[in-house]
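Asker: With the sequence up front, the predicted model follows.
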Amino acid sequence: MSVGTGSTSTAVDVRIMTRAELALHGVALDAPVRRPDGAGPSGDGHVLVDGANAALPTNPASPYRVRDGKVWLGGEDGHLTDTGLALIPVNRPKFYDLVTADGTPYEHIARLHGADVLATTVVQTCIRYAEADRCRFCTIEESLRSGAAVAAKTPAQLAQVAEAAVRLDGIRQMVMTTGTTTGPDRGARNLVRSVRAVLEAVPDLPIQVQCEPPGDLAWIQALHDAGAATIGIHVESLDEEVRRRWMPGKSTVPLAEYEAAWDEAVRVFGRNRVSTYLLVGLGEDPDELIAGAGKLIQRGVYPFVVPFRPMAGTLAARDGIPAPTAELLTYVTEGVAAKLRAAGMSGADQKAGCAACGACSVLQSAGG
């Protein structure tokens, strides 16, 4: 397979390629809402591109500039070309101005993602964060080292912040992820408590929970019974060699456990209410990645395709591993989006979660 053999002559393809370039290389913009580090893609500014959530690197060296609400591509001669994309920064939310009774800033408990998503890492530590076990793309504990988060958020804190975010800033969904804990539930127990507390404060708020496959699959039913609307069980790669190289600790959980967890989650939550991350740029064959995404879709699982980026604080950045090319990201994104469309699955149809938000991916731009 030769990446880029498909047509790139249509306006749609060029638009997707531009979005891929932005996702990888960012835009020269001082965004008011940023996510410096954490459990997922970070180092981003949160903006709206053509009205859709987007998390883009804020990169002064990027050839992309924003003028009068439009994205322009700068040439070596200084000439700016209109890309046809509109971009506006997300405003700083009002709930960031609040603190708890013990003086903890709300921003250290949960953050705004995109324009209308509240996200939190309930437990900001992970049993796999020692260098020998760490996922090479992860910065979950860097938020603690920088003082931007508290290690463990209580259900009461999360309920307090969620209520304020909905009331003051019109938050429409929430994402709760967690570092992996020592118990056999792998963090699901804390998520159950947190979902219940938030929904007591804000009964109609759709919530996605995210965790590794729990050792006892009954926790998936418990998460649904607590009120979670969707669930993310993130594998990042379906290639065993890639998993061992990039996720030495997490890869000790066999793919068979993920498959069992996905199937149980689809049974409990429903088709297209379960998602998993697939990272582009870890060395996996792109056609095999697309084929694997197709098998997930057949299971009823939404494959949320996201570009790997060597973020500050990661082992990958330390070792100089580059991000994928925009051509590769576009190829995989278009291939997966076509399979999603054929199956009638859309991230926008999910009530909450990464696929519903779409900010860290280019899939929604490609019709997925």
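Answerer: Yep, it's here. Predicted, not measured: the structure shown is a model, and the values here were computed from it.
Asker: The stretch 251-368 of the chain: strands as residue ranges?
Answerer: Assigned by DSSP state E, counting those that start in this stretch, the strands in the stretch 251-368 of the chain fall at 274-280, 301-307.
Asker: distance of residue 23 from residue 56?
Answerer: Distance of residue 23 to residue 56, given as C-beta to C-beta, to the nearest Å: 7 Å. Where you see a C-beta, it was placed from the backbone N, CA and C, and this is true even at glycine.
Asker: Looking only at neighbour counts, state which of those two leads.
Answerer: residue 23 (29 against 26; other C-beta atoms under 10 Å).
Asker: what sits against the more buried one?
Answerer: Residues counted as contacts of residue 23 (C-beta atoms under 8 Å, 6 or more residues apart in numbering) are 54, 56, 307, 329, 360-362.
Asker: Report the separation between it and residue 271.
Answerer: 27 Å.
Asker: cool, residue 231 as well?
Answerer: According to C-beta to C-beta, residue 231 stands 13 Å off from residue 271.
Asker: So between these two, which is more surrounded?
Answerer: Neighbour comparison, residue 231 and residue 271: the larger count goes to residue 231, with 29 against 15 (by other C-beta under 10 Å).
Asker: in which helix or strand would I find that one?
Answerer: Residue 231 is part of strand 230-232, with elements assigned from DSSP states H and E.
Asker: ok, then the element right after that strand?
Answerer: Later in the chain than strand 230-232, the nearest helix or strand by DSSP H and E is helix 240-246.
Asker: list the buried ones in that next one?
Answerer: Across helix 240-246, burial judged by 16 or more other C-beta atoms under 10 Å covers 242-243, 246.
Asker: Quick one: residues in contact with that helix.
Answerer: Residues from elsewhere that reach helix 240-246, judged by C-beta under 8 Å, 6+ apart: 135-137, 235-237, 250-251, 255, 282-284.
Asker: for this protein, what's the longest helix?
Answerer: Using DSSP state H, we find that the single longest helix of the chain is helix 326-343.
Asker: Pull the number of nearby residues for the residue nearest to residue 303 when sequence neighbours are not counted.
Answerer: Nearest residue to residue 303, sequence neighbours excluded (C-beta to C-beta, 6 or more residues apart in numbering): residue 293, at 3.9 Å. When counting by other C-beta under 10 Å, one arrives at 25 neighbours for residue 293.
Asker: would a markdown table of the buried residues of helix 240-246 with distance to residue 278 be doable?
Answerer: As requested, the buried residues of helix 240-246 are exported to a markdown table (distance: C-beta to C-beta, whole Å):
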| residue | distance to residue 278 |
| --- | --- |
| 242 | 11 |
| 243 | 12 |
| 246 | 12 |
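Asker: quick one: which of these is nearest residue 216?
Answerer: Nearest to residue 216 among those: residue 243, at 22.6 Å, using C-beta to C-beta.
Asker: residue contacts, residue 329?
Answerer: The contact partners of residue 329, by C-beta under 8 Å, 6+ apart, come to 20, 23-24, 280-281, 307, 362.
Asker: Give me the pLDDT value at the residue of the chain positioned farthest from its centre.
Answerer: Within the chain, residue 77 marks the point farthest from the mean C-alpha position, 36.0 Å out by C-alpha atoms, centre = their mean. The model reports residue 77 with a pLDDT of 75.
Asker: Equivalent analysis for the one 3 residues further on, please.
Answerer: The pLDDT attached to residue 80 in the predicted structure is 90.
Asker: residues touching the closest residue to it other than its chain neighbours, list them.
Answerer: Distances taken as C-beta to C-beta, 6+ apart put residue 72 closest to residue 80, at 4.0 Å, once the chain neighbours are dropped. Residue 72 makes contact with 64-66, 80-83 under the criterion C-beta under 8 Å, 6+ apart.
Asker: Helix or strand: which one has residue 72?
Answerer: Per DSSP H and E: residue 72 is located in strand 70-74.
Asker: strands paired with that strand, and their directions?
Answerer: If you go by DSSP bridges, strand 70-74 pairs up with strand 64-67 (antiparallel), strand 80-89 (antiparallel).
Asker: How far does the last one sit from its chain's centre?
Answerer: Its chain's average C-alpha position is 23 Å from that of strand 80-89, according to C-alpha atoms, centre = their mean, to the nearest Å.
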